[in-house]
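Asker: I'd like to go over a predicted model; first the sequence, then the structure.
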Amino acid sequence: MHDYDIVAVLTEAKSGYIHYSLREKLTVARQLIRDKLADVIIVFDLRRFSRNFVHSAMIFEEIESNSGQIISVSENIDNSLTGKLIRSILAWSAESEREKIVEYANRHWQTRMAQNLPMATGRAPYGWEWADKDKTYYNVNKEEAITRFSIFTMFVQQDMSVRAIAHKLTEDGILPPAKSRGANVKGNTWQPSTVHAILTGPENIGFLVILKTKVTLSPKGKIARRPNDNIKTIPDGIPSIVPAELYELAQYKLKHNRVDKSNVHLKPEDFLLKSHIFCKTCGYRMSGRYRIYDGNPVGYYRCNKSFNKYDACPDLTEIMASKVNTLVWEDCCRVFDAIELIRETIRARLEQEVQNFLERTQGKQQVVQLTHDIANAEIEQAKHPKGSYTYNLIAEDIHRKREQLKKYAEESKNALTNESLLNIYQQNVLSFLDFLSTMKGKYHEATFK
């Protein structure tokens with residue numbers, strides 16, 4: 001329309017609020033004007049051109065002082081005094097609009113935070129789903145929750161490594177979290193880092209952590225995430241999937257996993273106390289090593305703080321593994337003797353705990369009883385004309401019983417998991433007590449191995 005020759009088309013996605021000298025495409029356009037390679041900069045909207053009133057005035061001054069001009073496609077503004085006034089008003093409006101957007105966004109998050117509501121607006125954590133449109137609370141996603149729970153089972157009970165769990169999930173054809181939610185990712189492979197993140201997440205036991213990080217804009221205009229000072233933990237903010245005991249066992253294993261699994265000795269039974277022996281002088285963990293005496297390897301523990309000669313342990317403590325095993329086994333024997341005296345008490349307390357648990361979880365029996373009552377009520381209801389007083393009375397009773405049925409069905413489902421864990425715990429305790437019965441009076445004849 002104006003018979004312009006296009007020198008360059010520059011597309012920029014950075015915010016107009018950052019300093020104009022940090023906007024690469026705008027810098028190129030200004031340089032073209034200064035070098036007399038271009039006469040006009042054409043923009044779509046002056047309010048998007050810059051969201052800072054002062055910056056906008058400086059850019060226009062620089063362009064016009066080099067005999068250039070800025071033309072907006074959306075606004076028909078000339079270079080008269082009136083046009084410059086309108087241009088200044090638009091620049092002020094752009095900066096004011098940005099402040100309002102920030103204010104509205106902050107008010108929204110502050111309101112949700114004050115009400116202890118989830119702050120995320122994207123995908124729910126793996127194992128859960130949003131229960132309503134406003135994303136105010138979560139429901140358990142049964143299929144994903146089973147996968148999350150199985151990860152803990154494989155790690156704690158089956159003693160599988162994090163990498164082995166990732167391989168197992170991939171081989172079983174289970175999609176990783178991002179892929180299962182429809183994200184544009186290439187692979188269907190589970191990563192060990194994903195498994196580790198699931199194992200360490202406090203949301204497993206119902207603790208919802210909000211405001212973990214915040215998005216910041218660097219001086220160069222790059223978006224980055226930084227730790228948020230307003231991080232907040234909400235107890236019972238999300239339905240728990242993993243029992244607290246299982247979660248704590250997983251955290252303990254993760255804490256010692258690196259030491260226990262790395263550098264496995266040729267004969268692991270020679271260093272059964274690996275990762276549990278510490279140097280009294282410096283507090284560093286002592287590692288297991290071999291020394292050859294008369295052609296035979298002898299295991300011993302040695303302080304690990306020996307690599308920096310300026311900060312090494314002054315004693316470099318060493319002790320034979322067999323001596324440590326003897327001392328520890330003597331302590332174990334004393335503990336076994338003490339437990340022997342209260343064995344029957346332990347067994348009785350365990351049986352009492354199981355009984356208490358069963359009394360608290362009568363969901364299965366209630367489901368059967370309510371299902372039977374509802375069926376009888378529906379038969380009785382069919383005998384009366386629809387809309388009659390008796391018909392409506394029975395309908396209300398059926399509705400109330402169905403609500404109770406839903407509640408007990410959910411309780412029964414949760415009780416299955418807890419009952420299986422309780423059975424495992426009971427079996428472990430009873431097997432230990434049976435061991436004490438078998439070894440009664442013979443502890444000192446055995447060895448630590």
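Answerer: Received it, and whenever you're ready, just let me know what you need. Not measured: the values here are computed from a predicted model.

Asker: low pLDDT regions in the stretch 151-300 of the chain?
Answerer: Counting by pLDDT under 70, the stretch 151-300 of the chain contains low-confidence ranges at 217-221, 258-264.

Asker: With the stretch 1-150 of the chain instead?
Answerer: The stretch 1-150 of the chain contains residues with pLDDT under 70 at 1-2, 13-20, 47-48, 53, 102, 104-122.

Asker: Which residue ranges of it form helices?
Answerer: 24-34, 46-49, 53-65, 81-114, 142-156 (DSSP state H, counting those that start in this stretch).

Asker: Would you tell me which of those gets closest to residue 302?
Answerer: helix 142-156 (30.5 Å; C-beta to C-beta). For every residue, glycine as well, the C-beta is placed using N, CA and C.

Asker: before we move on, back to that, for residue 373, find the nearest of the helices of the stretch 1-150 of the chain.
Answerer: helix 142-156 (26.9 Å).

Asker: Show me what the closest one packs onto, helices and strands only.
Answerer: Using 3 or more C-beta pairs under 8 Å, 6 or more residues apart in numbering; DSSP states H and E, the elements in contact with helix 142-156 are helix 162-171, helix 192-200, helix 244-261.

Asker: who touches it?
Answerer: The set of residues external to helix 142-156 that reach it, using C-beta atoms under 8 Å, 6 or more residues apart in numbering, is 126-128, 160, 162, 164-165, 168-169, 174, 177, 180, 195, 198-199, 204, 241-242, 246-247, 249-250, 253, 417.

Asker: From those residues, list just the buried residues.
Answerer: Using 16 or more other C-beta atoms under 10 Å as the burial test, the contacts of helix 142-156 include 126-128, 160, 162, 165, 168-169, 174, 177, 180, 195, 198-199, 204, 241-242, 246-247, 250, 253 as buried.

Asker: Mind putting the helices of the stretch 1-150 of the chain into TSV with mean neighbour count and distance to residue 326?
Answerer: Below are the helices of the stretch 1-150 of the chain laid out as TSV (neighbours: other C-beta atoms under 10 Å; distance: least, C-beta to C-beta, whole Å):
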stretch	mean neighbour count	distance to residue 326
helix 24-34	17	71
helix 46-49	20	78
helix 53-65	16	77
helix 81-114	13	58
helix 142-156	18	31
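
Asker: how about these, which one is nearest residue 10?
Answerer: Nearest of the helices of the stretch 1-150 of the chain to residue 10, taken as C-beta to C-beta: helix 24-34 at 4.1 Å.

Asker: Residues in contact with the closest one: which ones?
Answerer: Here helix 24-34 has contacts from 7-8, 10-12, 14, 20-21, 38-39, 41, 59, 62-63, 66, 68, using C-beta under 8 Å, 6+ apart.

Asker: just stretch 36-45 next, same as before
Answerer: Identification of contacts with stretch 36-45 by C-beta under 8 Å, 6+ apart yields 4, 7-8, 29, 32-33, 49, 63, 66-75.
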